[in-house]
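*Asks:* could you work out the structure for the sequence below:
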Amino acid sequence: MKSAAVVNYAPTKGAVEIREIEMPSIGEDDVLLEVANVGVCGSDLHQWTADHSWPVNYPVVLGHEFGGHIVETGGRVKGWNAGDRVVSETAAVIDTNNPMSRQGLYNLDPTRKGFGYGVNGAMTRYVKVPARCLHHVPGELGFEQACLTEPCCVAFNAVVENTRLKPGDRVIVLGPGTIGILCAAVAKLCGADVAVVGLETDIHRLNIAKQYGCDVIAGDASAWAKQRDGLGADCVIDAAGTSITLKIALELVRPNGHITKVGWGPQPLGFSLDPLVQKNVTLQGSFSHNWPVWERVIALLASGRLDVRPIIGGVWPISGWHEAFEKMHNGEVVKSVLKPV
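*Replies:* Okay, here's the model as predicted:
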């Protein structure tokens with residue numbers, strides 16, 4: 001059986017198209033998943049526009065934010081059955097003997113390969129998934145929301161695990177994209193005062209950030225940063241897809257403050273890091289997530305305490321992938337979702 005798939009076929013701008021692909025064959029430790037919904041990530045857009053900074057195994061089916069129903073299980077798979085409602089983590093290939101994997105930090109295994117760039121992803125009807133990647137989806141959580149567990153986990157890992165915010169912290173989030181807004185939402189859950197910062201052209205997305213109880217700023221955030229005591233924000237979360245925002249973060253953060261960088265930016269910095277030293281600032285990178293993060297985030301989504309509905313700008317069939325990509329790329333919507341069947 002063949003299904004339509006959104007395929008990134010070359011390292012050139014615009015090299016994405018619909019192709020018919022065969023249903024994947026699964027191994028003994030895999031399941032075959034029928035995809036209910038798949039989110040469009042900023043990294044999908046970066047591969048489409050060919051301004052990404054990671055290796056891609058061309059041609060590859062895009063899509064790593066997904067959930068659906070199990071239709072088949074491999075011979076060694078235990079605890080999972082056909083019909084189960086699940087979402088999948090992104091670490092499709094890991095070395096289980098790598099020291100990071102053995103610590104439970106397989107997201108930091110240097111040999112890790114993810115769906116949508118290293119192996120075929122979920123912008124199609126069926127995807128092969130290692131059973132170790134699966135998590136149950138409660139019946140009360142619809143797949144249009146559940147498929148966005150992955151970006152919520154990116155935000156949770158950045159804000160909770162890697163930043164460790166305290167109630168009352170003043171936090172600035174740079175970049176009102178999916179990850180930026182979700183980082184702001186998680187920071188609010190932690191009891192922080194939060195401002196989301198973007199450009200004048202980001203007004204629509206900034207207005208969505210308001211729905212999470214955040215202050216929003218188009219342009220210079222210096223006044224907000226210094227509002228409490230004149231020294232700057234306790235933490236700046238850099239979720240923008242460009243390197244220059246790190247310079248802005250260094251200007252906005254207080255002495256002995258914290259910067260967490262979660263947004264990718266392949267450009268050279270082109271500025272001095274001396275303020276990092278002078279201010280005694282902690283600079284923390286944050287990448288991906290692991291099993292306990294997923295379990296907590298699913299619980300938050302199912303309870304409604306973390307609500308992704310405000311960021312969903314529409315649901316498109318696979319055949320409408322180009323419009324879904326364009327609307328995200330142009331900032332018309334925060335998050336596009338595709339429905340393969």
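*Asks:* pull up the pairing partners for the strand or helix carrying V38, direction included.
*Replies:* Using DSSP states H and E, V38 sits in strand 30-39. Strand 30-39 sits in its sheet next to strand 65-73 (antiparallel), strand 126-130 (antiparallel), strand 335-339 (antiparallel), going by DSSP bridges.
*Asks:* helix or strand: which one has D307?
*Replies:* Under DSSP H and E, no helix or strand contains D307.
*Asks:* please name the residues that touch it.
*Replies:* With contacts defined as CB atoms under 8 Å, 6 or more residues apart in numbering, D307 is in contact with Q145, A185, L301. (Each C-beta comes from the backbone N, C-alpha and C, glycine too.)
*Asks:* residue boundaries of the strands in the stretch 201-341 of the chain?
*Replies:* Listed in chain order, the strands of the stretch 201-341 of the chain (DSSP state E, counting those that start in this stretch) span 215-218, 233-238, 253-261, 282-285, 312-317, 335-339.
*Asks:* okay, those strands in CSV with mean neighbour count and mean pLDDT next?
*Replies:* Below are those laid out as CSV (neighbours: other CB atoms under 10 Å; pLDDT from 0 to 100):
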stretch, mean neighbour count, mean pLDDT
strand 215-218, 19, 98
strand 233-238, 29, 98
strand 253-261, 20, 98
strand 282-285, 14, 98
strand 312-317, 16, 98
strand 335-339, 24, 98
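*Asks:* closest to V93 out of those strands?
*Replies:* For the strands of the stretch 201-341 of the chain, the distance to V93 is smallest for strand 282-285, at 21.7 Å, taking CB to CB.
*Asks:* hmm, back to that, for A221, which of the strands paired with strand 30-39 is the nearest?
*Replies:* Closest among these, once you apply CB to CB, is strand 335-339, at 23.6 Å.
*Asks:* contacts for the closest one, please.
*Replies:* Residues outside strand 335-339 that contact it (CB under 8 Å, 6+ apart) are 6, 36-40, 63, 123, 144, 147-148, 151, 178, 308, 311-318, 320-321, 324-325, 327-328.
*Asks:* those residues, buried ones only, as a PyMOL selection?
*Replies:* Of these, the buried ones go into a single PyMOL selection, burial set by 16 or more other CB atoms under 10 Å:
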select buried, resi 6+36+37+38+39+40+63+123+144+147+148+151+178+308+311+312+313+316+318+321+324+325+327+328
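*Asks:* tally up the residues packed near A209, please.
*Replies:* Residues lying near A209 (other CB atoms under 10 Å) number 28.
*Asks:* just the pLDDT at it, thanks.
*Replies:* Per-residue pLDDT puts A209 at 98.
*Asks:* next: W264.
*Replies:* W264 is assigned a predicted lDDT (pLDDT) of 88.
*Asks:* and what of V87?
*Replies:* So, for V87, pLDDT stands at 98.
*Asks:* how about V127, nearest residue that isn't a chain neighbour?
*Replies:* Spatial nearest neighbour of V127, chain neighbours left out: L33 (5.2 Å); criterion: CB to CB, 6 or more residues apart in numbering.
*Asks:* and which of the contacts of D307 is nearest to L276?
*Replies:* Out of the contacts of D307, the member with the shortest distance to L276 (by CB to CB) is A185, at 27.5 Å.
*Asks:* columns neighbour count and distance to M100 on top of the contacts of D307, output as TSV?
*Replies:* What follows is the contacts of D307, written out as TSV (neighbours: other CB atoms under 10 Å; distance: CB to CB, whole Å):
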residue	neighbour count	distance to M100
Q145	21	30
A185	28	28
L301	23	27
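*Asks:* ok, so of those residues, who is nearest H46?
*Replies:* Nearest to H46 out of the contacts of D307 is A185 (CB to CB; 22.9 Å).
*Asks:* need the contact list for that closest one.
*Replies:* With contact set as CB under 8 Å, 6+ apart, A185 has these partners: A155, Y212, L306, D307.
*Asks:* check which helix or strand it maps to.
*Replies:* Under the criterion of DSSP H and E, A185 resides in helix 178-189.
*Asks:* likewise for S3?
*Replies:* According to DSSP H and E, S3 maps onto strand 2-8.
*Asks:* from the contact counts, what lies against that strand?
*Replies:* strand 16-22, strand 60-61 (3 or more CB pairs under 8 Å, 6 or more residues apart in numbering; DSSP states H and E).
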